[in-house]
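> Return atomic coordinates for the entry below.
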Amino acid sequence: MEEAVAVQERPLSAGRQRYWVMLLLLVLVTVNYIDRANLSIAGPEMAKEFGWSLARLGFAFSAMFWVYTPMLLVWGAGIDVIGTRMGYAIGLFIWAVASIATGTINGFGTLLGARWALAIGESVAPPACAKVVREWAPIRDRGWSSGAFTAGYYLGPAVGYPICAWLVSSFGWRTMFFVLGGLTLLFVLLWLAVYWPPERARWLRDAERQLILSERDSAVLSAASPRGTMTRGDVLRHPTTWGLVVAQAVSTYTVYLFLMWLPGYLLHTQHINLMQAGIYSTLPYIVALIACIAYGWFSDRALDTASIDRGGRRRYVLAAMIANLAILLVPAVHNFGLIIALLAVSLAGSGCTLTANVALANDMLVDPRFAGLIFGLLGIGSNIVGLFAPIATGLVAQFTGGFGAAFLIAGTITAAGIACVLLLVRSPITARTYREVAA
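Sure, this is the predicted structure:
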């Protein structure tokens with residue numbers, strides 16, 4: 001309790017320069033999701049030029065993620081070795097070059113190569129951002145810090161679709177890829193110029209540096225599992241690790257369902273035109289964007305250090321997952337405004353789950369050497385499950401003639417995830433905990 005009081009009485013004079021690091025993460029993740037979604041805008045024009053069928057175009061949409069998913073684990077382990085500064089810079093450079101290269105393609109094969117290269121670069125973002133939060137955020141700032149970059153998942157689609165549409169309609173699809181790739185190259189230079197771990201950041205005031213270094217790890221849990229005693233096997237065998245992966249996975253399923261099918265659902269069931277579907281589709285994303293940051297901030301303020309050490313943020317993960325269950329009510333509702341409201345609550349719930357779960361993973365992982373590994377696992381687990389959302393939703397909608405059953409599947413998966421979190425996420429990830437249980 002004395003530790004909790006000490007944290008609450010942190011001096012205001014320490015400064016808030018670390019907030020600029022979180023803002024930079026938000027911008028980079030937003031660019032990541034714009035570059036990820038731009039093919040959905042350029043795709044129809046490219047299909048006309050090259051004579052591609054819709055089936056071939058659909059394969060192009062999904063092909064990136066089959067490389068992206070395993071690369072999350074590669075980057076997660078790699079970030080632990082080479083560090084966040086150089087790791088993120090390398091990933092940014094690869095995805096910038098891949099985006100520019102997409103503007104030069106001459107057929108389907110070269111498009112696949114460019115998208116796979118983009119996947120290699122973009123997959124650095126989730127594990128690197130999570131580890132930056134571990135490096136820069138005091139324990140009681142982890143919630144909103146995680147929410148800052150998670151919000152980019154929703155800000156990207158909200159602003160990216162109209163920007164990409166304007167570039168394609170005004171200058172052509174090749175120019176769009178050149179412009180976005182060039183912008184990403186500028187961020188490589190900005191990242192290298194600005195970002196250092198707090199121990200080495202010359203622009204950081206000494207008082208704030210001491211605040212970050214003294215409060216970013218739990219003294220209680222670190223004493224329970226001293227650095228050097230844990231191994232990767234301890235992380236992989238601990239049930240808490242897999243409970244966190246499940247929470248991330250079921251929430252990502254809902255995110256991918258919305259990302260790929262929300263406009264189509266509104267078009268097919270609400271009898272509105274494409275422009276209206278685009279406008280109404282942005283509303284749940286705006287709500288989710290605000291909710292992610294606010295929910296992370298609220299969880300930070302509501303928890304003291306002792307509660308965080310005991311895994312108290314778990315209840316905020318569970319509460320957000322329960323909000324995600326709002327998707328179960330959509331098939332039973334016929335009022336358009338209420339449907340949009342329920343969709344907004346569900347998407348906000350999935351976003352808040354991702355925000356709180358990343359913060360909880362940081363809370364529960366004692367040894368920061370394995371932060372890249374655990375966030376790589378969160379990413380690869382969530383994307384493996386999430387990849388099935390667009391496919392399953394399309395098949396179910398075609399077979400049943402509507403989207404109601406697809407929404408029920410998403411809600412059922414979330415309910416199963418809630419049970420897993422309750423059963424598995426029960427103790428910090430420490431070598432001592434695992435070995436005591438094994439004994």
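> Run a quick neighbour tally on residue 229.
14 (other CB atoms under 10 Å). (Glycine included, C-beta is placed from N, CA and C.)
> One more: residue 207?
Residue 207 is flanked by 11 other residues according to other CB under 10 Å.
> Buried residues in the helix or strand containing it, which are they?
Here residue 207 sits within helix 206-215, counting by DSSP states H and E. Buried residues in helix 206-215, defined by neighbour count with 16 or more other CB atoms under 10 Å: 208-209, 211-212, 215.
> what about that helix, distance to the chain center?
Averaging C-alpha coordinates over helix 206-215 and over its chain gives two centres that are 27 Å apart (CA atoms, centre = their mean, to the nearest Å).
> Please name the residues that touch the nearest residue to residue 293 once chain neighbours are set aside.
Here the nearest residue to residue 293 in space, its sequence neighbours aside, is residue 147; by CB to CB, 6 or more residues apart in numbering that works out to 4.5 Å. Applying CB atoms under 8 Å, 6 or more residues apart in numbering to residue 147 gives the contacts 292-297, 352, 355.
> Out of these, which comes closest to residue 371?
Using CB to CB, residue 355 is the member of those that sits closest to residue 371, with 16.7 Å.
> Which elements pack onto the strand or helix carrying residue 393?
Here residue 393, judged by DSSP H and E, is contained in helix 388-400. Contact here means 3 or more CB pairs under 8 Å, 6 or more residues apart in numbering; DSSP states H and E; on that basis helix 388-400 packs against helix 239-270, helix 404-424.
> how about those, which one is nearest residue 310?
Comparison of these against residue 310 by CB to CB identifies helix 239-270 as nearest, at 12.5 Å.
> how about that closest one: buried residues?
239-263, 265-267, 269.
> for stretch 150-158, same thing?
Those would be 150-158, for stretch 150-158 by 16+ other CB under 10 Å.
> do stretch 300-315 as well
Going by neighbour count (16+ other CB under 10 Å), the buried part of stretch 300-315 is 300, 303-306, 308-309, 311-315.
> how deep is the closest residue to residue 255 other than its chain neighbours tucked in, by neighbour count?
Setting aside the residues directly before and after it, residue 255 is nearest to residue 350 in space (CB to CB, 6+ apart), at 5.4 Å. Residues lying near residue 350 (other CB under 10 Å) number 31.
> Where does the prediction get shaky in the stretch 201-350 of the chain?
Filtered on pLDDT under 70, the stretch 201-350 of the chain yields the residue ranges 217-228, 273-275, 277-278.
> residues touching the residue nearest to residue 255, list them.
Taking CB under 8 Å, 6+ apart as the definition of contact, the neighbours of residue 350 are 251-252, 254-255, 258, 288, 320, 324.
> how does it look with 7 Å?
Listed by CB atoms under 7 Å, 6 or more residues apart in numbering, the contact partners of residue 350 are 251, 254-255, 324.
> before we move on, what about residue 287?
The contact partners of residue 287, taken as CB under 7 Å, 6+ apart, are 344, 348.
> what helix or strand is it on?
Taking DSSP H and E as the criterion, residue 287 maps to helix 274-302.
> chain center to the helix or strand just after that helix: distance?
Proceeding N to C from helix 274-302, the next assigned helix or strand is helix 305-309, under DSSP H and E. Using CA atoms, centre = their mean, we find the averaged C-alpha position of helix 305-309 to lie 24 Å away from the chain's own average C-alpha position.
> Who are the packing partners of helix 305-309?
Contact partners of helix 305-309 among helices and strands, from 3 or more CB pairs under 7 Å, 6 or more residues apart in numbering; DSSP states H and E: helix 2-8.
> Next up, the contacts around the spatially most central residue of the chain.
In the chain, the C-alpha closest to the average C-alpha coordinate belongs to residue 150, at a distance of 4.9 Å (CA atoms, centre = their mean). For residue 150, the set of contacting residues under the criterion of CB under 7 Å, 6+ apart consists of 292, 351, 354-355, 358.
> same thing but at 8 Å, please
With contact set as CB under 8 Å, 6+ apart, residue 150 has these partners: 29, 292, 296, 351, 354-355, 358.
> And residue 153, by the same measure?
Each residue near residue 153 by CB under 8 Å, 6+ apart is listed here: 29, 33, 255, 351, 354.
> Mind checking which of those residues are buried?
Neighbour counting by 16+ other CB under 10 Å classes 29, 33, 255, 351, 354 among the contacts of residue 153 as buried.
> Could you find the closest non-adjacent residue to the fourth one?
Nearest-residue entry for residue 351: residue 288, 4.1 Å, with adjacent residues in sequence omitted and distances by CB to CB, 6+ apart.
> count of neighbours near the closest residue to residue 50 other than its chain neighbours?
Leaving aside its chain neighbours, residue 50 sits nearest to residue 107 (6.3 Å; criterion: CB to CB, 6+ apart). Here the count is done by other CB under 10 Å, and residue 107 has 9 residues near it.
> Compile the contacts of residue 147 into JSON lines and extend it with columns for neighbour count and distance to residue 120.
Conversion of the contacts of residue 147 to JSON lines gives the following (neighbours: other CB atoms under 10 Å; distance: CB to CB, whole Å):
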{"residue": "292", "neighbour count": "31", "distance to residue 120": "27"}
{"residue": "293", "neighbour count": "22", "distance to residue 120": "29"}
{"residue": "294", "neighbour count": "16", "distance to residue 120": "34"}
{"residue": "295", "neighbour count": "27", "distance to residue 120": "32"}
{"residue": "296", "neighbour count": "27", "distance to residue 120": "29"}
{"residue": "297", "neighbour count": "17", "distance to residue 120": "34"}
{"residue": "352", "neighbour count": "30", "distance to residue 120": "30"}
{"residue": "355", "neighbour count": "34", "distance to residue 120": "26"}
